[in-house]
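Peer 1: fold the following.
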Amino acid sequence: MHEISFRQLEYFVAAAETGSVTAAAAKVHLTQSAVSTSLAELEENLGVQLFLRHARGLKLTAPGRQALADARRLLSGVDELRDSARSVTSSLSGSLVVGCYSTLAAVLLPRVIADFVAKYPDVDLSFIEGSDQHLVSRLRAVSCDIALMYEADEFRLAKDLRMTALYAAEPYVLLPARHPLAAQDEIGVAELAAEPMILFDLPPGATYFLSLFKDEGLTPNVRYRATNFEMVRSLVAHGLGYAVLTQRPGIPISYDGLEIVTRPLAPRPPGLNVGIVRLADLAPSRRAVAFAAQCAETLGGTIDSFDG
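Peer 2: Model prediction:
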């Protein structure tokens, strides 16, 4: 029996990510037969079937899904070993996959990425966007190194996740420009309760926004729910209700050019924490630590003991 090699793991990950031997071979610049042989040897050495093979390609088995997460961990460790060996003489290099909660992505992530790649041009940075559930699943599959997200109960309760807060995003009220409440400098939740609400219904945002009313013993009049940030803004712009949000785009208009205004809530409630989430038992790479530090620098927050 031959020993398992890191090359075999690389080919296995490529096959799992592409879903076919042909695509995997193109990705790793080998022949199909060489990749097929490598996958067969890996299955033999592990003593499990990693893939179900069918006419359309490959599908991971249950043992294959677990092996994929473990393989990614091992390959991530190899990248970190390379970084450590080079650290005394060179800048950071290698791959880094960053996740970002969908509403944070367009507002925050481009600024951080621009600053990061200017400082670390040799890092092969890529990113994914999505809901908190999607990003957590990618973290647990080790297909994402770190994720920029809002704090949620899952992070506090899950032993395998660790969140390091950057700053608290304060909620505000979004109104049509001609709404009567737009004439006020600030607005209380009691004044909003009877008004039609456009609820941004993507966790953990929805739970947080509804809690602002629940804490005051109130129930908002939810007229529409939307999981798309710009859909919420456009519905408000067309006079269909108000919304409570935390992220502020730099322009006071909707996608279709209608004016909208923002007003602070009074009294000011505690903000929703924004931070970096990672796996607790997987030490972050130097690239991930550098990206977390860049988030704090660019966004004006603070981050302590991220790699501890």
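
Peer 1: now for Leu175, how many residues are close by?
Peer 2: Leu175 has 25 neighbours, counted by other C-beta atoms under 10 Å. From N, CA and C alone the C-beta is placed, and that goes for glycine too.

Peer 1: I'd say it and Arg233 touch.
Peer 2: No: counting by C-beta atoms under 8 Å, Leu175 stays clear of Arg233, with 11.0 Å between them.

Peer 1: Ile260 contacts Ile253, doesn't it?
Peer 2: Yes: counting by C-beta under 8 Å, Ile260 does reach Ile253; the two are 6.6 Å apart.

Peer 1: distance of Ile260 from Ala288?
Peer 2: 36 Å (C-beta to C-beta, to the nearest Å).

Peer 1: wait, Arg111
Peer 2: 18 Å.

Peer 1: neighbour count for these two, which is higher?
Peer 2: Ala288 (22 against 13).

Peer 1: mind listing what that one touches?
Peer 2: Going by C-beta atoms under 8 Å, 6 or more residues apart in numbering, Ala288 touches Leu96, Asp145, Ile146, Arg278.

Peer 1: what's the pLDDT at it?
Peer 2: Here, the pLDDT recorded for Ala288 equals 91.

Peer 1: low-confidence bits of the stretch 51-200 of the chain, can you list those?
Peer 2: 79-91, 155-156 (pLDDT under 70).

Peer 1: if we go to 50?
Peer 2: The model of the stretch 51-200 of the chain has pLDDT under 50 over residues 88-90.

Peer 1: which residues of it fall in helices?
Peer 2: 62-86, 102-119, 132-140, 153-157, 189-192 (DSSP state H, counting those that start in this stretch).

Peer 1: distance between stretch 59-67 and the chain's centre?
Peer 2: 24 Å (C-alpha atoms, centre = their mean, to the nearest Å).

Peer 1: repeat for stretch 114-123
Peer 2: Distance, centroid of stretch 114-123 to centroid of chain: 19 Å (C-alpha atoms, centre = their mean).

Peer 1: give the buried residues for it.
Peer 2: Phe116, Tyr120, Val123 (16 or more other C-beta atoms under 10 Å).

Peer 1: pairing partners for the last one in the sheet, please.
Peer 2: On the basis of DSSP bridges, Val123 takes part in beta bridges with Gly94.

Peer 1: is it true that it touches Ile113?
Peer 2: No: the criterion here is C-beta under 8 Å, and Val123 misses it with Ile113 at 10.5 Å.

Peer 1: next up, identify which helix or strand Ala296 is on.
Peer 2: helix 286-299 (DSSP states H and E).

Peer 1: what angle separates that helix from helix 102-119?
Peer 2: On the basis of axes from the mean of the first three to the mean of the last three C-alpha atoms, to 10 degrees, helix 286-299 is oriented at 110 degrees to helix 102-119.

Peer 1: now helix 286-299: buried residues?
Peer 2: Quick answer for helix 286-299 (16+ other C-beta under 10 Å): 286-296, 298-299.

Peer 1: with stretch 21-37 instead?
Peer 2: Applying 16+ other C-beta under 10 Å to stretch 21-37 flags Val21, Ala23, Ala24, Ala25, Lys27, Val28, Leu30, Val35, Ser36 as buried.

Peer 1: before we move on, what about stretch 162-176?
Peer 2: Arg162, Met163, Thr164, Leu166, Tyr167, Ala169, Pro171, Tyr172, Val173, Leu174, Leu175, Pro176.

Peer 1: which of the residues you listed sits closest to Ser102?
Peer 2: Of all the buried residues of stretch 162-176, Ala169 has the smallest distance to Ser102: 14.3 Å, by C-beta to C-beta.

Peer 1: residues touching the closest one, list them.
Peer 2: Ala169 neighbours (C-beta under 8 Å, 6+ apart): Tyr150, Thr246, Gln247, Gly271, Leu272, Asn273, Val274.
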